[in-house]
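Visitor: sequence first, then the predicted structure:
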Amino acid sequence: MLLFDYSLEPTSSRKLAAVDLAHAAPEELRYELFLGNVYLRESMEQIDFSAPWGWVPVLDFALSLKAVSEALEEDTNAKFEFTESDAVLNFERLGVDVEITAS
(Lines give C-alpha, C1' and ligand atoms only; values in the text may rest on other atoms or scores of the structure.)
Protein backbone atom coordinates (compact mmCIF):
# COMPACT_ATOMS: atom_id res chain seq x y z
CA MET A 1 0.00 0.00 0.00
CA LEU A 2 1.34 3.40 -1.01
CA LEU A 3 0.63 6.39 1.22
CA PHE A 4 0.62 9.92 -0.23
CA ASP A 5 0.32 12.81 2.23
CA TYR A 6 1.42 16.40 2.71
CA SER A 7 1.65 19.18 5.26
CA LEU A 8 1.90 22.91 4.65
CA GLU A 9 4.46 25.04 6.43
CA PRO A 10 2.97 27.62 8.84
CA THR A 11 4.49 30.50 6.86
CA SER A 12 2.83 29.15 3.72
CA SER A 13 -0.51 28.96 5.50
CA ARG A 14 -0.21 32.59 6.63
CA LYS A 15 0.65 33.69 3.08
CA LEU A 16 -2.37 31.77 1.75
CA ALA A 17 -4.66 33.66 4.11
CA ALA A 18 -3.42 36.98 2.68
CA VAL A 19 -3.91 36.10 -1.01
CA ASP A 20 -7.06 36.18 -3.14
CA LEU A 21 -6.66 32.72 -4.69
CA ALA A 22 -9.27 33.48 -7.35
CA HIS A 23 -6.96 36.12 -8.82
CA ALA A 24 -3.57 34.49 -8.19
CA ALA A 25 -1.39 33.71 -11.20
CA PRO A 26 -1.05 30.01 -12.11
CA GLU A 27 2.71 30.11 -11.37
CA GLU A 28 2.06 31.65 -7.96
CA LEU A 29 -0.50 28.95 -7.15
CA ARG A 30 1.69 26.13 -8.37
CA TYR A 31 5.11 27.19 -7.02
CA GLU A 32 4.80 29.85 -4.30
CA LEU A 33 1.66 29.52 -2.19
CA PHE A 34 1.44 25.89 -1.11
CA LEU A 35 4.92 25.14 0.26
CA GLY A 36 5.52 22.34 2.70
CA ASN A 37 6.37 18.67 2.98
CA VAL A 38 5.29 15.72 0.88
CA TYR A 39 5.16 12.17 2.17
CA LEU A 40 5.34 9.13 -0.05
CA ARG A 41 5.65 5.84 1.84
CA GLU A 42 5.17 2.19 1.04
CA SER A 43 3.89 0.44 4.16
CA MET A 44 4.72 -3.24 3.56
CA GLU A 45 8.42 -2.82 2.78
CA GLN A 46 8.64 0.36 4.91
CA ILE A 47 10.18 2.36 2.05
CA ASP A 48 10.09 6.13 2.43
CA PHE A 49 10.44 8.57 -0.50
CA SER A 50 9.24 11.56 1.53
CA ALA A 51 10.54 15.08 1.06
CA PRO A 52 10.07 16.79 4.46
CA TRP A 53 12.08 19.82 3.38
CA GLY A 54 9.50 22.48 4.21
CA TRP A 55 9.76 24.19 0.82
CA VAL A 56 8.34 21.62 -1.60
CA PRO A 57 5.65 23.18 -3.85
CA VAL A 58 2.87 20.80 -2.78
CA LEU A 59 0.37 21.74 -5.49
CA ASP A 60 3.05 21.31 -8.17
CA PHE A 61 3.94 17.91 -6.69
CA ALA A 62 0.31 16.76 -6.85
CA LEU A 63 -0.20 18.02 -10.41
CA SER A 64 3.10 16.46 -11.48
CA LEU A 65 2.14 13.06 -10.04
CA LYS A 66 -1.09 13.28 -12.03
CA ALA A 67 1.01 13.93 -15.15
CA VAL A 68 3.25 10.97 -14.27
CA SER A 69 0.18 8.77 -13.97
CA GLU A 70 -1.07 9.91 -17.38
CA ALA A 71 2.37 9.42 -18.94
CA LEU A 72 2.51 5.85 -17.62
CA GLU A 73 -0.67 5.07 -19.52
CA GLU A 74 1.23 5.72 -22.76
CA ASP A 75 4.80 4.74 -21.85
CA THR A 76 6.55 2.48 -19.34
CA ASN A 77 8.73 5.22 -17.81
CA ALA A 78 8.10 8.65 -16.31
CA LYS A 79 10.06 10.98 -14.07
CA PHE A 80 9.33 13.67 -11.48
CA GLU A 81 12.03 16.23 -10.74
CA PHE A 82 11.68 18.28 -7.57
CA THR A 83 11.69 22.05 -8.06
CA GLU A 84 15.00 23.68 -7.04
CA SER A 85 16.57 20.33 -6.14
CA ASP A 86 18.48 17.57 -7.87
CA ALA A 87 16.16 14.97 -6.32
CA VAL A 88 14.26 12.80 -8.79
CA LEU A 89 11.56 10.13 -8.54
CA ASN A 90 11.60 7.62 -11.40
CA PHE A 91 8.50 5.58 -12.21
CA GLU A 92 8.54 2.40 -14.29
CA ARG A 93 5.37 0.54 -15.20
CA LEU A 94 5.83 -3.23 -14.94
CA GLY A 95 2.53 -4.72 -16.09
CA VAL A 96 -0.05 -3.55 -13.53
CA ASP A 97 2.63 -2.57 -10.99
CA VAL A 98 4.72 0.60 -10.87
CA GLU A 99 8.25 0.56 -9.53
CA ILE A 100 9.44 3.81 -7.95
CA THR A 101 13.10 4.64 -7.45
CA ALA A 102 14.67 7.81 -6.12
CA SER A 103 17.94 9.62 -6.59
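Guide: Thanks, I have the structure now.
Visitor: which strands and helices lie in contact with the longest helix along the chain?
Guide: Criterion DSSP state H: the longest helix present in the chain is helix 58-74. Applying 3 or more CB pairs under 8 Å, 6 or more residues apart in numbering; DSSP states H and E, one finds that helix 58-74 makes contact with strand 2-8, helix 26-31, strand 35-42, strand 77-81, strand 88-94. In short, each C-beta sits where N, CA and C put it, glycine included.
Visitor: check what contacts that helix and list those residues.
Guide: Helix 58-74 is contacted by residues 4, 6, 8, 29-31, 33-38, 51, 78-80, 82-83, 91, 93, 98 when judged by CB atoms under 8 Å, 6 or more residues apart in numbering.
Visitor: residue 100 bridge partners, please.
Guide: Assessed by DSSP bridges, residue 100 has beta-bridge partners residue 91.
Visitor: what's around it, how many residues?
Guide: Residue 100: 15 surrounding residues under other CB atoms under 10 Å.
Visitor: got the contact list for it?
Guide: By CB under 8 Å, 6+ apart, the neighbours of residue 100 are 40, 42, 49, 89, 90, 91.
Visitor: re the thing from before, the contacts of helix 58-74, buried ones only, as a PyMOL selection?
Guide: To isolate the buried ones among the contacts of helix 58-74 in PyMOL, judged by 16 or more other CB atoms under 10 Å, type:
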select buried, resi 6+8+29+30+33+34+35+36+37+38+51+78+80+82+91+93
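Visitor: on that earlier part again, okay, the helices and strands packed on helix 58-74 in TSV with distance to residue 64 and mean pLDDT next?
Guide: As requested, those are exported to TSV (distance: least, CB to CB, whole Å; pLDDT from 0 to 100):
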stretch	distance to residue 64	mean pLDDT
strand 2-8	12	92
helix 26-31	9	93
strand 35-42	10	92
strand 77-81	5	94
strand 88-94	9	94
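Visitor: tabulate those (TSV), appending distance to residue 65.
Guide: As requested, the helices and strands packed on helix 58-74 are arranged in TSV below (distance: least, CB to CB, whole Å):
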stretch	distance to residue 65
strand 2-8	8
helix 26-31	13
strand 35-42	9
strand 77-81	7
strand 88-94	9
